[in-house]
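K.L.:
predicted structure and sequence below. I'll ask about it afterward.
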Amino acid sequence: MKLCFATNNAHKITEVQHLLGGKFDIISLQDIDCTEELPETQPTLEGNAQQKADFVYQHYQVDCFADDTGLEIEALNGEPGVDSAHYDGPERNSQANMQKVLDKLQNNHNRRAQFRTVIALILGGESYTFEGTISGSITSKPSGQQGFGYDPIFIPEGYQQSFAEMSLEEKNRISHRGRAVQKLVNFLHNYQK
């Protein structure tokens with residue numbers, strides 16, 4: 001089965017291909033000659049994921065899925081949430097985004113947070129959604145070189161190391177995206193039968 005993953009983020013494509021284990025032919029936006037920026041104007045993760053998937057399906061007539069992920073921090077009333085990628089500005093600078101989080105939490109003892117991923121799938125014109133979450137806490141400073149985004153400042157519950165200190169395999173086993181993708185994979189396996 002060929003599916004377009006509606007993202008330009010090479011890290012996300014690598015993670016998802018790894019999770020799918022070669023059972024599906026995942027193609028990128030580049031593979032379908034989609035060069036425009038996908039719309040993300042909805043106020044929720046669910047809305048943005050669906051908006052991106054709808055755009056690709058309507059303009060390129062290809063089965064596809066899109067995701068939106070947010071870091072939701074309890075002490076910041078769920079921020080950065082839907083604005084995670086551009087929390088510190090439109091340039092989507094991960095270092096600046098992390099620093100803004102750390103600055104806002106500087107004197108706060110409540111470091112509880114969760115990552116949440118929503119995947120919208122369009123298959124044969126029908127829409128489906130899948131969600132994955134993982135709880136954890138925000139560190140006081142970044143650590144680790146793996147991963148991307150907020151990974152260096154997020155320690156998943158039950159672990160002593162940040163996502164950025166874990167191997168891709170270890171992160172995928174427990175991550176929000178890994179959990180959402182596993183639901184997607186289970187659905188696709190049953191869909192194929």
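P.N.:
Yep, that arrived.

K.L.:
next structured bit after the helix-or-strand element of the chain with minimal mean pLDDT?
P.N.:
The weakest-scoring helix or strand in the chain, judged by mean pLDDT, DSSP states H and E, is helix 10-20 (a mean of 78). Using DSSP states H and E, the helix or strand that follows helix 10-20 in sequence is strand 25-27.

K.L.:
that following strand: which residues count as buried?
P.N.:
Ile26 (16 or more other CB atoms under 10 Å). To be clear about C-beta, it is placed using only N, CA and C from the backbone, and glycine gets the same treatment.

K.L.:
mind checking the pLDDT average for that strand?
P.N.:
Taken as a whole, strand 25-27 has a mean pLDDT of 87.

K.L.:
contacts made by that strand with the rest, please.
P.N.:
1-5, 13, 16-17, 20, 62 (CB atoms under 8 Å, 6 or more residues apart in numbering).

K.L.:
give the pairing partners of that strand; include direction for each.
P.N.:
strand 2-5 (parallel) (DSSP bridges).

K.L.:
what about Arg179, which SS state?
P.N.:
Reduced to three states with DSSP: H, G, I helix; E, B strand; the rest coil, the structure at Arg179 is helix.
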